[in-house]
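**Student:** Below is the sequence, then the predicted model.
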Amino acid sequence: MTSTMASTNTDHLGEISALELTGEERIELEALVKRLRGSDPALVDDPDWQRQAREESCRLPHRLSGAVRAFRHDAGLDGTLTISNLPLGAEPLPPTPTVPESVERAVTGPAAVAVLLGCELGALIAFRGEKQGALVQNVVPVPALAASQSNGGSVRLEFHTENAFHPHRPDFVGLLCLRSAHEDQVGTQVASVRRAFPLLDEADRTVLQEPRFVTDPPPSFHAAGLQPAEPPRAQPVLSGAPEDPDICVDFHATRALDEHAARSLTRLREALVAVRTDAVLRPGDMIFVDNRIVVHGRVAFTPRYDGNDRWLHRVFVHLDHRRSRRNRPGNGAVLA
């Protein structure tokens, strides 16, 4: 997927649904970003600034707003939307961060873009046990995490639902590219259960919709002391409409409770691999993933740690903000 994709693809039949901004639309968005960067306090996590961002998101270019709203209504077969030619600002980018827990607290141009689009899609949220509860997080290779199954690793990242263990996991995940991977290496891989489901036989579909699987929290939540007080309960991997199910799985952290379920889980992974799509994001591209029907991962790559490695901003979005109120102290955006 490149930033040269033209107009709008809405058939969802062959490739990731995409929208490329026109020059005029880009200028309109730049004006919104400029106003937000000049708004006090210029801190992404400040409630007053977030309120201003929500107001400005109502003024997005009409075609862009329409595409986001259509995606929110139904993410299609592929469950993704890529928006390209987004403005990142005239200032040169600083070196790609290389430290753990890297986040964006100040309102930069790219951070404002990520927030504006996320606000149009729904309510931005974060998790206290991940990246210190920051709303805009950096996805970058970190030397100390190179071998980990995390956003800071550089080994192959298994297909997963974002925060699959959590009852209030994101409905959508947004990734904005600030800097491409070296030599256009593939970064993000996505696979839709809507495409994989027909490849499963009836017996596997039945097993996967039964509570025969357990998903453990990632190490970051354990380190923050925010792991559940009780062991995780058995859950189905597929749920909802039997003919059009949601998916919730992490092929690194989800385990089956019996051999039959383990075989069905393996065949689900094989089906997802068979229908996967590779997304090569370039600067100014932002991909939104419907976390209810799509799993995502990353191929292995070799970082150089030279200040020019792949750099993404990540945001999480909920559609129903009220649903998680009990877990958001002070009615804020961060789930504890």
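**Tutor:** Received it, and whenever you're ready, just let me know what you need. Being a predicted model, the structure only gives us computed values, none of them experimental. Residues are numbered from 1 along each chain as shown.
**Student:** Show me the strands in the stretch 51-200 of the chain, by range?
**Tutor:** 80-84, 123-127, 137-139, 157-160, 172-179, 188-192 (DSSP state E, counting those that start in this stretch).
**Student:** Give the partner strands of the first one in its sheet and their orientations.
**Tutor:** Strand partners for strand 80-84, identified by DSSP bridges, are recorded as strand 17-20 (parallel), strand 286-290 (antiparallel).
**Student:** so how far is that strand off the chain centroid?
**Tutor:** 12 Å (Cα atoms, centre = their mean, to the nearest Å).
**Student:** got it, and the shortest one?
**Tutor:** When distances are taken as Cα atoms, centre = their mean, strand 137-139 is centred 11 Å away from the chain's centroid.
**Student:** now do stretch 272-287
**Tutor:** With Cα atoms, centre = their mean, you get 12 Å for stretch 272-287.
**Student:** Would you mind saying which of the strands paired with strand 80-84 lies nearest L272?
**Tutor:** Closest of those to L272 is strand 286-290, at 13.4 Å (criterion: Cβ to Cβ). C-betas here are computed from N, CA, C, even on glycine.
**Student:** Show the average pLDDT along the closest one.
**Tutor:** Mean pLDDT, strand 286-290: 98.
**Student:** After that strand, which helix or strand is next?
**Tutor:** Moving toward the C-terminus from strand 286-290, the next helix or strand (DSSP states H and E) is strand 294-298.
**Student:** So which bits of that next one are buried?
**Tutor:** By neighbour count with 16 or more other Cβ atoms under 10 Å, strand 294-298 contains the buried residues 294-298.
**Student:** Identify, from these, the entry nearest to R195.
**Tutor:** Nearest to R195 among these, counting by Cβ to Cβ, is V294 at 9.6 Å.
**Student:** Tell me, how many residues neighbour the nearest residue to that closest one once chain neighbours are set aside?
**Tutor:** Ranked by Cβ to Cβ, 6 or more residues apart in numbering and with sequence neighbours excluded, the top spatial neighbour of V294 is G79, at 3.8 Å. The number of residues packed near G79 is 29, by other Cβ atoms under 10 Å.
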